[in-house]
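**Student:** Make a model of this:
(chains A, B and C)
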Amino acid sequence: MVMRATLAELAQLLEAEIVGDGQMTICGLASLEEAKAGDLAFVAGDRNARGRLAASHASAVLVAPDMPVDRPALRVPDPYLGFICLVEEYFPQQHPAWGIDALAVLAPDVVVGQRVSVGPCVVIGRGTRLEDDVVIYPGTYIGPGCHIGPECVLYANVSLYSQVTLGRGVVIHSGAVIGADGFGYRRLDGGDYRKIPQIGGVLIGDGVEIGANTCIDRATLGNTVVEVGAKLDNLVQIGHNSTVGAYTVVAGQAGVSGSVRVGTGVRMGGQAGIADHVTVGDGAAIAGQAGVAADVEPDTTVFGSPAVPSTLAKRAHLYGLKLGELFQSVKRLQRRLEALESRSEGK
Amino acid sequence: MVMRATLAELAQLLEAEIVGDGQMTICGLASLEEAKAGDLAFVAGDRNARGRLAASHASAVLVAPDMPVDRPALRVPDPYLGFICLVEEYFPQQHPAWGIDALAVLAPDVVVGQRVSVGPCVVIGRGTRLEDDVVIYPGTYIGPGCHIGPECVLYANVSLYSQVTLGRGVVIHSGAVIGADGFGYRRLDGGDYRKIPQIGGVLIGDGVEIGANTCIDRATLGNTVVEVGAKLDNLVQIGHNSTVGAYTVVAGQAGVSGSVRVGTGVRMGGQAGIADHVTVGDGAAIAGQAGVAADVEPDTTVFGSPAVPSTLAKRAHLYGLKLGELFQSVKRLQRRLEALESRSEGK
Amino acid sequence: MVMRATLAELAQLLEAEIVGDGQMTICGLASLEEAKAGDLAFVAGDRNARGRLAASHASAVLVAPDMPVDRPALRVPDPYLGFICLVEEYFPQQHPAWGIDALAVLAPDVVVGQRVSVGPCVVIGRGTRLEDDVVIYPGTYIGPGCHIGPECVLYANVSLYSQVTLGRGVVIHSGAVIGADGFGYRRLDGGDYRKIPQIGGVLIGDGVEIGANTCIDRATLGNTVVEVGAKLDNLVQIGHNSTVGAYTVVAGQAGVSGSVRVGTGVRMGGQAGIADHVTVGDGAAIAGQAGVAADVEPDTTVFGSPAVPSTLAKRAHLYGLKLGELFQSVKRLQRRLEALESRSEGK
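**Tutor:** Numbering: from 1, shown residues only, chains lettered A, B, ... in the order given. The predicted structure is shown next:
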């Protein structure tokens, strides 16, 4: 990934203060560890930043105003955000321009906006609408009656069932499945199951990003909802009739069962799970691998399986590690008590 | 989702008793919470049914014979089952009628039954047979030597390797992969691995439903088997040479390793796992996130990781939460004992 | 699966010692349990091998030099490895010979080696190169700028984003997604998130096998790396900028977060997880469902969530099961102490 700009040009873009030679040429952007001569690296305020800087081969660095530097630098209030801006400017994401590919199969009544790109082997069902600037990668299937908002990107081999509605700028990574039947069966006498028809839909808000091979089931009735700005990592499961609140972040392989309410701004760790019908309050945090079986209060952190507030869980874990000592202590107490008792008896 | 029927017509369909005006028009089916004026909602025997009913905007309700109602109603012995019947009648599932799409690629010797629908970009290998009324959605791949039973539905972007046999009415959701190689390697001196060839197959029984992005590996030799009526949710893993018994239900993100025997009518919770070569007895229940490392007796419930019978696990969890008190108690005992000892010494 | 060979022919192939009639005809290979008359079965040194042999219908067996047998047999130092050789000889894996299928869509500048097979509905982006003997199954998408090494096999419906490099003989199973964006967002004031552009790549070493529906994210900058000979099972998640070492084996549904270093020859159990920025030493073992939140020393085994060395974890588990007794013991001690105290007071 190669670029070409002077430090001064980058400074102007970021409204940064220049330290050292503004005419230095920058040929690449990298992390401190991976930077080669000619690269600009950024220094976030993480542990051991100074040592990592000293060891870096970067020719220049992007740093906070108060960070001591040993080479040419750009100073900005938020170096990480500055770095994001530079990457977006010099390495903008480009999607293939398929137009409507000759090997795409759109039902006759599909409505297509301006500047839409649909790759080969895409199939789109009846009554579906693609707004302006939508990109659909090869092999993706979109069922009937869907609405794909402007600037949505669906990568390769995504599957959308019918009645799925995406807001503006939704990004769906490869292999994700949106709108498959919720997992609902009614047990019959004799052990067999009767399928509960799943005729609801899925609503995905503006700016939501959905990871590779993630599954979001349709509702039995009504809608499964992922609200504006929520981010789901790969291999996540969202069950039927659940709601994931705005700006909530769900890490990889986490699972949300059916009829769950996850609030706004919640952070859910990898491989965590939430049982049916649970409510998770706004701003709560669920640790990785936690198993949430009961409602979680807003702005609390839970941990463990079954999940309990994290202070409690950590203490229980520490106690657990000290259990051996406790068993020993009790044994010693017993012996001492016996000694006292026999002495007391002996009198 | 709009329908149009009188309450009396619905009553006739369900053989229900009518309460109130049979000529009332019903325009939709909904849950109590989502119902609007004109809708029929159903009331299952769940908690707080009466309060939820009072707050509902439904124009009529489907209830059990003994449930007090405040509006027009239909009374049936099992309202949930009645509701399923109404949804099936008024909102029947419809699959696109592709015939054999011009962009489907079938090997010359593929045998195709009556009323089969195969979408664009489906590829089917040599020697495979599709029975009557099969539906294959776009982008699905079926390898050579497979047998797809009557009334099977394979949604978009499913992958079947060779030698996979599906019974009658099997439903496979998008992204599922059936028949990939089992995960078997033989460790060699020097650390490298030799792949163990996986030349067995997969047998899926009648009425099985397989969730989105679920994986069922082929056997090394013989078959991996999912028996009649079993239901697997999304993102489930079934390892090579394992058997999942009839009417067993496996929730999302659960995993079954290799050579496992899961009995009949087992319920396996979300994100639970079963280790290699374990046997789970008929009617057992495995709690969400449980890690089963040893055989499970029939009709027992296990919990935790490693999993133990649930009563044991719950007790251990409660003890864990009380550990702090126990440490305190032991400290107090120590002090009291010291006091006694010094008094006893003093004499 | 039918073959036809004499015991003597098989003996020659394996350089085995023959016990009994070398002219016996072998028609199939099977496990001891599944073998029918005419089959050769192998006996690994597992528990109860003698009983299983006695109960088997196999006509002949492949055994170690010291194993007593009750029927014709072939003796080799490593029966399991011998069996693998026989399967590979008599049931070699065959891939369909599509050539470059008429319904495959390759960008004009794609470079294609000798004897390459590309199925229908495969789409390959600009600047990508396929080396000799590559097989690409239907519905697979390969983005621009990828390099597919010789003898790679990509099964159906795989998705490779741009800038993915595969070494020699890499096998990728259906539904796997390589190179999707890493999960990186910068939280802004107000709760919204700014996406961190993900412009790095993915490097997959020689001989790596990647399971069905497994996801390996691209790096933010630099590369996510899976080194030579590593084996990943189904539904595994590998986060951005992580490295999985050579000959490391990762079981199903396990997850590696971002910027993790997993060493060489590590074994990671099913549903285990590793948190961001953790280092796992060479030769370590991570038990199934373990949650690794801190660095793991080489050649150690960890267990539990949060993970601790397995001896510690097992002891803690045993203590946990004995906690009830401990609570009882402490109560009894309290009562005995009270008795002593009141006696002591009474004097």
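**Student:** if I read this right, A:Leu326 contacts C:Leu326, doesn't it?
**Tutor:** Yes - counting by Cβ atoms under 8 Å, C:Leu326 is a contact partner of A:Leu326 at 7.0 Å. For the C-beta atoms, the positions are set from N, CA and C on the backbone; glycine is no exception.
**Student:** Residues that sit against both of these two, list them.
**Tutor:** The contact sets of A:Leu326 and C:Leu326 overlap at B:Leu326 (Cβ atoms under 8 Å, 6 or more residues apart in numbering or on different chains).
**Student:** The spatially closest residue to A:Gly201 that is not a sequence neighbour - how many residues pack around it?
**Tutor:** For A:Gly201, ignoring the flanking residues on the chain, the nearest one in space by Cβ to Cβ, 6 or more residues apart in numbering or on different chains is A:Gln163 at 3.7 Å. With neighbours defined by other Cβ atoms under 10 Å in any protein chain shown, the count for A:Gln163 comes to 22.
**Student:** what's the answer for the one 10 residues further on, then?
**Tutor:** By the measure other Cβ under 10 Å, the count of residues near A:His173 is 30.
**Student:** Tell me who's in contact with it.
**Tutor:** Taking Cβ under 8 Å, 6+ apart, one finds A:Tyr155, A:Val158, A:Glu209, A:Ile210, A:Gly211, A:Ala212, A:Asn213, A:Thr214, A:Asn234, C:Val177, C:Ala180, C:Asp181 in contact with A:His173.
**Student:** A:Leu81 too?
**Tutor:** A:Leu81 makes contact with C:Arg186, C:Arg194, according to Cβ under 8 Å, 6+ apart.
**Student:** and with 10 Å instead?
**Tutor:** Neighbour list for A:Leu81: A:Leu14, A:Phe42, A:Ala44, C:Arg186, C:Leu188, C:Arg194, C:Ile196 [criterion: Cβ atoms under 10 Å, 6 or more residues apart in numbering or on different chains].
**Student:** Check A:Val330 too.
**Tutor:** Contacts of A:Val330 by Cβ under 10 Å, 6+ apart are B:Leu326, B:Ser329, B:Val330, B:Leu333, B:Gln334, C:Glu325, C:Leu326, C:Ser329, C:Val330, C:Leu333.
**Student:** Likewise for A:Glu33?
**Tutor:** A:Glu33 sits next to A:Ala41, A:Arg52, A:Ala55, A:Ser56, A:His57, A:Ala58, C:Leu221, C:Gly222, C:Asn241 when contact means Cβ under 10 Å, 6+ apart.
**Student:** okay if I get those residues as TSV plus neighbour count, secondary structure and pLDDT?
**Tutor:** TSV is the format used below for these (neighbours: other Cβ atoms under 10 Å in any protein chain shown; DSSP: H, G, I helix; E, B strand; the rest coil; pLDDT from 0 to 100):
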residue	neighbour count	secondary structure	pLDDT
A:Ala41	27	strand	94
A:Arg52	15	helix	88
A:Ala55	10	helix	93
A:Ser56	21	coil	94
A:His57	14	coil	96
A:Ala58	27	coil	96
C:Leu221	28	coil	90
C:Gly222	19	coil	90
C:Asn241	27	coil	96
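**Student:** quick one: least confident helix or strand in chain A?
**Tutor:** Using mean pLDDT, DSSP states H and E, helix A:310-321 stands out as the lowest-scoring helix or strand of chain A, at a mean of 80.
**Student:** quick one: low-confidence parts of chain A?
**Tutor:** The model of chain A has pLDDT under 70 over residues A:1, A:45-47, A:346-347.
**Student:** what's the domain layout of it?
**Tutor:** Here the domain parsing of chain A from automatic domain parsing is A:5-90, A:158-306, A:315-347.
**Student:** gap between the first one and the chain center?
**Tutor:** Read that as domain A:5-90. Relative to the centre of its chain, domain A:5-90 is centred 27 Å away, using Cα atoms, centre = their mean, to the nearest Å.
**Student:** measure that domain end to end?
**Tutor:** 9 Å (Cα to Cα, to the nearest Å).
**Student:** thought A:Gly288 was touching C:Ser257?
**Tutor:** Yes - with contact defined as Cβ atoms under 10 Å, A:Gly288 counts as touching C:Ser257 (8.2 Å).
**Student:** coming back round to it: I'd like to know which of the domains of chain A lies nearest to B:His317.
**Tutor:** Counting by Cβ to Cβ, B:His317 lies closest to domain A:158-306 out of the domains of chain A; the figure is 6.8 Å.
**Student:** Would stretch A:49-60 count as contacting chain C?
**Tutor:** No - contact of stretch A:49-60 with chain C (Cβ under 10 Å from any Cβ of the partner chain) is absent, the minimum separation being 11.7 Å.
**Student:** okay, how far is it across that stretch, tip to tip?
**Tutor:** Start-to-end span of stretch A:49-60 (Cα to Cα) is 15 Å.
**Student:** Contacts for that stretch next, please.
**Tutor:** With contacts defined as Cβ under 10 Å, 6+ apart, stretch A:49-60 is touched by A:7, A:10, A:18-21, A:24-43, A:46, A:48, A:61, A:63-64, A:67-74, A:79.
**Student:** Try it again at 6 Å.
**Tutor:** The contact list for stretch A:49-60 (Cβ atoms under 6 Å, 6 or more residues apart in numbering or on different chains) reads A:Leu7, A:Leu32, A:Ala35, A:Lys36, A:Ala37, A:Gly38, A:Asp39, A:Leu40, A:Ala41, A:Val43, A:Pro72.
**Student:** Turn those into CSV, including distance to chain B.
**Tutor:** Formatted as CSV, the contacts of stretch A:49-60 follow (distance: Cβ to the nearest Cβ, whole Å):
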residue, distance to chain B
A:Leu7, 47
A:Leu32, 32
A:Ala35, 33
A:Lys36, 32
A:Ala37, 36
A:Gly38, 38
A:Asp39, 35
A:Leu40, 40
A:Ala41, 35
A:Val43, 38
A:Pro72, 45
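**Student:** In helices, which of the residues you listed fall?
**Tutor:** Judged by DSSP state H, the subset of the contacts of stretch A:49-60 located in helices is A:Leu7.
**Student:** Only whichever of the contacts of stretch A:49-60 are buried, select them in ChimeraX.
**Tutor:** Buried residues within these, by 16 or more other Cβ atoms under 10 Å in any protein chain shown, are selected in ChimeraX with:
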select /A:7,32,35,38,39,40,41,43,72
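**Student:** nearest to B:Ala313, of the contacts of stretch A:49-60?
**Tutor:** For the contacts of stretch A:49-60, the nearest to B:Ala313 is A:Leu32 (46.5 Å; Cβ to Cβ).
**Student:** hang on, the closest one packs against A:Ala41?
**Tutor:** Yes - with contact defined as Cβ atoms under 6 Å, A:Leu32 counts as touching A:Ala41 (4.7 Å).
**Student:** Output the least confident helix or strand of chain A in PDB, but only the C-alpha positions, please.
**Tutor:** C-alpha atoms of helix A:310-321 as PDB (Å, rounded to 0.1, in the frame of the first residue of the first chain):
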ATOM      1  CA  SER A 310     -18.300  -8.300  37.800                       C
ATOM      2  CA  THR A 311     -17.100  -7.400  41.200                       C
ATOM      3  CA  LEU A 312     -19.000 -10.300  42.600                       C
ATOM      4  CA  ALA A 313     -17.700 -12.600  39.900                       C
ATOM      5  CA  LYS A 314     -14.100 -11.600  40.300                       C
ATOM      6  CA  ARG A 315     -14.300 -12.000  44.100                       C
ATOM      7  CA  ALA A 316     -15.800 -15.400  43.700                       C
ATOM      8  CA  HIS A 317     -13.000 -16.300  41.300                       C
ATOM      9  CA  LEU A 318     -10.400 -15.200  43.800                       C
ATOM     10  CA  TYR A 319     -12.100 -17.100  46.600                       C
ATOM     11  CA  GLY A 320     -12.100 -20.100  44.400                       C
ATOM     12  CA  LEU A 321      -8.400 -19.900  44.000                       C
END
